[in-house]
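> Please work out how this folds:
(one chain, ligands or ions: 1)
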Amino acid sequence: MKIVAFGASSSSKSINKQLASYAAGITAEQHGGNVEVLDINDYEMPLFSQDKEELLGQPKQAKAFYAKLGEADAIIISFAEHNGTYTAAYKNLFDWTSRIDMKVFQNKPMVLLSSSPGPGGASNVLAQANASAGFFAADVKGSLSIPSFYDNFDSDKQVIKNPELLDKLTQELKKLVE
Ligand SMILES: Cc1cc2nc3c(=O)[nH]c(=O)nc-3n(C[C@H](O)[C@H](O)[C@H](O)COP(=O)(O)O)c2cc1C
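Numbering: from 1, shown residues only. Alright, predicted model coming up:
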């Protein structure tokens, strides 16, 4: 099983990239498989507009991102929340990719996560991602928001230190292979 994971953030210190990577590691450990963690900075493109699309067509970065998703047997995304919604970096990548194929997620089994330093745990953006998943051929199996990231995640060891949250995460990840 190939597990493709990424944080939907362009921050070099992204807590969501850490969480996605950790969750992918748990999945591989418990159910077998190998992990590829993507950095969405590798797929940076100009700000999407239909004018730019007429000029540029389908950029190679969007094609490469779509191909990576296509290689996956399972996809884990952890969403960062900026002002209640997606980060501009992720939304831009998503918009370009959706112009190649609206079925961006290609019917892959997915777990959608989110986290923020605050108690809300980026649950607004997670709710949006879940609500729209069906339009983009995302076969969402599980979903979890991790609140108060720095209280619940040990950044040095790169593990969740709250046992209840770890249990919840493990349960959600298990659904990828059920
Ligand atoms: C422009 C901006 C807007 C933000 N808006 C929210 C928000 O709406 N909700 C939230 O929980 N955190 C918000 N935050 C804090 C982010 O959750 C925090 O920066 C987090 O580290 C982002 O995830 P990342 O590290 O994976 O990029 C915001 C941060 C920035 C820079």
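
> interface residues of this structure facing the ligand?
Contact residues (C-beta under 6 Å from any ligand atom) of the chain with the ligand: 7, 9, 11, 14-16, 80-84, 116-118, 120, 122. In short, each C-beta sits where N, CA and C put it, glycine included.

> Write a PyMOL command that selects only the buried members of these.
Buried members of the residues of the chain next to the ligand, defined by 16 or more other C-beta atoms under 10 Å, are picked up in PyMOL with:
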select buried, resi 7+9+14+15+16+80+81+82+116+120+122
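
> How about the secondary structure of the residue nearest the centre of the chain?
Taking C-alpha atoms, centre = their mean, the centroid of the chain lies closest to residue 77, which sits 1.6 Å from it. What DSSP: H, G, I helix; E, B strand; the rest coil gives for residue 77 is strand.

> for it, what are its contacts?
Residue 77 makes contacts with 5-8, 20, 110-113, 129, as judged by C-beta atoms under 8 Å, 6 or more residues apart in numbering.

> residues in contact with residue 34?
With C-beta under 8 Å, 6+ apart, residue 34 has these contacts: 1-3, 28.

> any idea of the pLDDT on it?
For residue 34, the model assigns a pLDDT of 97.

> Could I get the full set of strands for this structure?
Taking DSSP state E as the criterion, the chain contains strands spanning 2-8, 34-38, 74-79, 108-115, 138-146, 153-154, 159-160.

> what packs against the first one?
Meaning strand 2-8. helix 15-31, strand 34-38, helix 60-71, strand 74-79 (3 or more C-beta pairs under 8 Å, 6 or more residues apart in numbering; DSSP states H and E).

> try 10 Å
helix 15-31, strand 34-38, helix 60-71, strand 74-79, helix 88-98, strand 108-115 (3 or more C-beta pairs under 10 Å, 6 or more residues apart in numbering; DSSP states H and E).

> Also the last one?
Strand 159-160 sits against helix 15-31, strand 153-154, helix 163-174, with contacts defined as 3+ C-beta pairs under 10 Å, 6+ apart.

> Name the surrounding residues that touch that strand.
Identification of contacts with strand 159-160 by C-beta atoms under 10 Å, 6 or more residues apart in numbering yields 18-19, 22-23, 25-26, 146, 149, 152-154, 166-170.
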